[in-house]
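Asker: Quick check, what structure comes out for this input:
(one chain, ligands or ions: 1)
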Amino acid sequence: MGVKYSNKINKIRTFALSLVFIGFGIMYVGLLFKDKMWLMSIFMILGLLSVTLSTVVYFWIGMLSTKTIKVVCPNCGKPTKLLGRVDACMHCNEPLTLDKDLEGKEFDERYNSKRYQKNTENQK
Ligand SMILES: [Zn+2]
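Answerer: Numbering: from 1, shown residues only. Now for the predicted structure:
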């Protein structure tokens with residue numbers, strides 16, 4: 001396939017972590033404009049917003065984590081968390097599925113889409 005899939009929780013966590021660094025980066029740039037109070041304030045506010053947003057994203061991860069299903073990865077044997085119908089292992093990025101129907105099929109992010117989920121709900 002050639003495409004690397006990564007675990008969703010890991011992806012979001014990386015995003016949240018980078019937001020923290022971006023936030024501190026912006027605040028650091030703000031310190032360079034000490035003589036211009038208004039400019040420094042803008043940078044500080046932007047930096048704080050970025051850090052606050054990352055806190056929100058971390059909170060969101062916490063919420064999502066309650067929806068994940070813990071499985072042991074058949075590829076590397078480590079416990080991992082799956083989000084959605086298809087997700088990748090947190091450790092080795094092995095594509096995994098919870099749905100027996102999808103087993104053996106090519107890994108496809110579309111299986112997580114709202115439309116697909118709606119279709120299966122209608123079948124119930
Ligand atoms: Zn694995």
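Asker: can you tell me how far Gly19 sits from Val86?
Answerer: Small correction: residue 19 is Leu, not Gly. Distance of Leu19 to Val86, computed by CB to CB, to the nearest Å: 26 Å. Just so you know, the C-beta spots here come from the backbone N, C-alpha and C atoms, and that holds for glycine as well.
Asker: before we move on, what about Val72?
Answerer: For Val72, the distance to Val86 - CB to CB - is 17 Å.
Asker: higher neighbour count, these two?
Answerer: Using other CB atoms under 10 Å as the criterion, Val72 and Val86 rank with Val86 on top: 21 against 11.
Asker: residue farthest from the centroid of this structure?
Answerer: Computed with CA atoms, centre = their mean, the residue of the chain farthest from its C-alpha average is Asp35, at 38.7 Å.
Asker: that's a strand at it, yeah?
Answerer: No - counting by DSSP: H, G, I helix; E, B strand; the rest coil, Asp35 is not found in a strand; it is coil.
Asker: mind checking the end-to-end distance for stretch 29-37?
Answerer: With CA to CA, to the nearest Å as the measure, stretch 29-37 spans 13 Å from end to end.
Asker: For the chain, what lies in contact range of the ion?
Answerer: With CB under 5 Å from the ion as the criterion, the chain meets the ion at residues 73, 75-76, 89, 91-92, 94.
Asker: Summarise which helices and strands the helix or strand hosting Gly62 is packed against.
Answerer: Gly62 is part of helix 37-65 when elements are defined by DSSP states H and E. Judged by 3 or more CB pairs under 8 Å, 6 or more residues apart in numbering; DSSP states H and E, the packing partners of helix 37-65 are helix 8-31.
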